[in-house]
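Asker: mind folding the following:
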Amino acid sequence: MSRRAFWATAAVTLVAAGGVAAGTAMAGGEPSPRRRAGGDMRGMWLATVVNRDWPSKPGLTADEQRAELLAHLDTAVECRLNTVIFQVRPTADALWPSPYEPWSQYLTGTQGRHPGWDPLGTAVEQAHARGLELHAWFNPYRVANHTDPNRLAAGHPARENPGWVVPYGGKLYYNPGIPAVRAFVQRAMLDAVRKYPIDAVHFDDYFYPYPVAGQVFDDDAAYDQYGGGFANRAAWRRDNIDKLVREMATGIKGIRPGTQFGISPFGVWRNATTDERGSDTRAGVQTYDDLYADTRKWVQENWIDYLVPQLYWNIGFAAADYAKLLPWWAETARGTGTRLYIGEALYKAGDPAQPAAWQDPAELSAHLTLAREYPEAGGHVFFAAKEVAADKIGAMARVVADHYQQPAEPPR
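Answerer: Now for the predicted structure:
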């Protein structure tokens, strides 16, 4: 089914589930008019979960937080990037004034405490002022990096609806198999689309959680109630994530048609030893089987505007070779209408725990050189902002020198 057809079909489902219907009035204007058929994606992720990139620590003043945020945007400009993917909902919370979820604890140190300013609003305004696109990055189902609901802010939806939540692997997650959960998380995320002219909604690689040895994600009750029409639990779980993706696309386009929808999954859909359509890899995680995310389907059905598989391995890495995964994803995207960008592991450059290839500042530049051979590869996104700024061994500087000598154009 084409994206246009499923928007029309899914709109009915989304309204019935309490989501946002097509035709909802927009606020705050359209995304930046800079978007046009232009240059390659040159992006970086700006992570806020556990204060990974920003703010540098919780509890900074509003002025200090703002100064750090603007410094990251300035670094993006200095490195001739054109896009910042800003994490605004790391753990069922918000970096904007949301009527659905509390302010993020990563701002003030206390979940629910107002930081004294609007980080997302500022990020959109200041990114656009610098000629950057601002993609708002949401994690759909992660609730907390602990398992105690009583530590959540008073009035938190997860406290008020304990049946929505599953503890797993030392964390709390919303259960994707409950339709009310799916409708709620969509409302919470689409609130930002309604309020701000963001250039894209962006999901990361977390859908059902990554497997934890010896633990079971307990969704028995939801499966008993909602899974009767499916051959097995895995098929039901994949359908739950498919519904999230399709309904979010409908909601985004219904509110703000100029805003795109992109997803950045783990880089291996399935190994060829599992499925002949899969990649020549021996990865320990396969998104289709372990995260219940059929990422190949989303691309080939053109349900999303762009995909950024996280190809976080070096050229020649035996279990998951960048040079084998790149052509596999290029072939997957070919002729679909879904743009393909490549997620790059800048954070590994110079890390002594990584293989020897990552001690060479030319490794990442070699990735971009290789990608030139595949017209489907429309650019790269670097993880993450802290490493773009620090550039421990000069890997980012090498990328800029080898590939980004011309000023950045908006991504195509």
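Asker: could you pull out the helices in the protein for me?
Answerer: 3-16, 62-78, 105-108, 119-129, 157-160, 179-195, 220-226, 233-255, 295-300, 322-333, 363-371, 385-390, 395-403 (DSSP state H).
Asker: rebuild those helices as TSV, extending it with distance to residue 272.
Answerer: For glycine as for every other residue, the C-beta is placed from the backbone atoms N, C-alpha and C. Below are the helices of the chain laid out as TSV (distance: least, C-beta to C-beta, whole Å):
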stretch	distance to residue 272
helix 3-16	28
helix 62-78	37
helix 105-108	40
helix 119-129	40
helix 157-160	39
helix 179-195	32
helix 220-226	30
helix 233-255	19
helix 295-300	13
helix 322-333	9
helix 363-371	20
helix 385-390	32
helix 395-403	30
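Asker: now those helices as JSON lines including mean neighbour count?
Answerer: Output for the helices of the chain, formatted as JSON lines (neighbours: other C-beta atoms under 10 Å):
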{"stretch": "helix 3-16", "mean neighbour count": "16"}
{"stretch": "helix 62-78", "mean neighbour count": "17"}
{"stretch": "helix 105-108", "mean neighbour count": "23"}
{"stretch": "helix 119-129", "mean neighbour count": "20"}
{"stretch": "helix 157-160", "mean neighbour count": "17"}
{"stretch": "helix 179-195", "mean neighbour count": "21"}
{"stretch": "helix 220-226", "mean neighbour count": "14"}
{"stretch": "helix 233-255", "mean neighbour count": "21"}
{"stretch": "helix 295-300", "mean neighbour count": "21"}
{"stretch": "helix 322-333", "mean neighbour count": "20"}
{"stretch": "helix 363-371", "mean neighbour count": "20"}
{"stretch": "helix 385-390", "mean neighbour count": "20"}
{"stretch": "helix 395-403", "mean neighbour count": "19"}
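Asker: which of these sits closest to residue 349?
Answerer: helix 395-403 (3.7 Å; C-beta to C-beta).
Asker: which neighbouring elements make contact with that closest one?
Answerer: helix 363-371 (3 or more C-beta pairs under 8 Å, 6 or more residues apart in numbering; DSSP states H and E).
Asker: can you give me the angle the helix it packs on makes with helix 322-333?
Answerer: 40 degrees (axes from the mean of the first three to the mean of the last three C-alpha atoms, to 10 degrees).
Asker: using PDB, write out every CA atom in helix 363-371.
Answerer: Provided in PDB are the C-alpha atoms of helix 363-371 (Å, rounded to 0.1, in the frame of the first residue of the first chain):
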ATOM      1  CA  GLU A 363      37.800   5.300   8.800                       C
ATOM      2  CA  LEU A 364      34.700   7.400   8.800                       C
ATOM      3  CA  SER A 365      35.900   9.400   5.800                       C
ATOM      4  CA  ALA A 366      36.300   6.000   4.000                       C
ATOM      5  CA  HIS A 367      32.600   5.300   4.800                       C
ATOM      6  CA  LEU A 368      31.500   8.400   3.000                       C
ATOM      7  CA  THR A 369      33.800   7.700   0.000                       C
ATOM      8  CA  LEU A 370      32.300   4.200  -0.300                       C
ATOM      9  CA  ALA A 371      28.800   5.600   0.000                       C
END
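Asker: that helix packs against which elements?
Answerer: helix 322-333, strand 339-344, strand 377-382, helix 395-403.
Asker: which residues are contacting it?
Answerer: 311, 314-315, 322-323, 326, 342, 344, 346, 349, 357, 377, 380, 382, 395-396, 398-399, 402-403 (C-beta atoms under 8 Å, 6 or more residues apart in numbering).
Asker: if we use 6 Å, what do you get?
Answerer: 314, 344, 357, 377, 395, 398-399, 402-403 (C-beta atoms under 6 Å, 6 or more residues apart in numbering).
Asker: repeat that for stretch 122-136.
Answerer: By C-beta under 6 Å, 6+ apart, stretch 122-136 touches 32, 70, 73, 76-77, 83-86, 88, 192, 196, 198-202.
Asker: which of these fall in strands?
Answerer: Those of the contacts of stretch 122-136 mapping onto strands are 83-86, 88, 200-202, per DSSP state E.
Asker: just to revisit the earlier point, and the helices and strands packed on helix 363-371: which comes nearest residue 169?
Answerer: Nearest to residue 169, of the helices and strands packed on helix 363-371 and by C-beta to C-beta, is strand 339-344 at 22.9 Å.
Asker: buried sites along the closest one?
Answerer: Residues of strand 339-344 classed as buried by neighbour count (16 or more other C-beta atoms under 10 Å): 339-344.
Asker: what of stretch 79-94?
Answerer: 79, 81-94.
Asker: cool, stretch 254-261 as well?
Answerer: So stretch 254-261, judged by 16+ other C-beta under 10 Å, has buried residues 254-256, 258-261.
Asker: quick one on the thing from earlier: can you tell me which of the contacts of helix 363-371 is nearest residue 167?
Answerer: Using C-beta to C-beta, the contacts of helix 363-371 come closest to residue 167 at residue 344, 33.3 Å.
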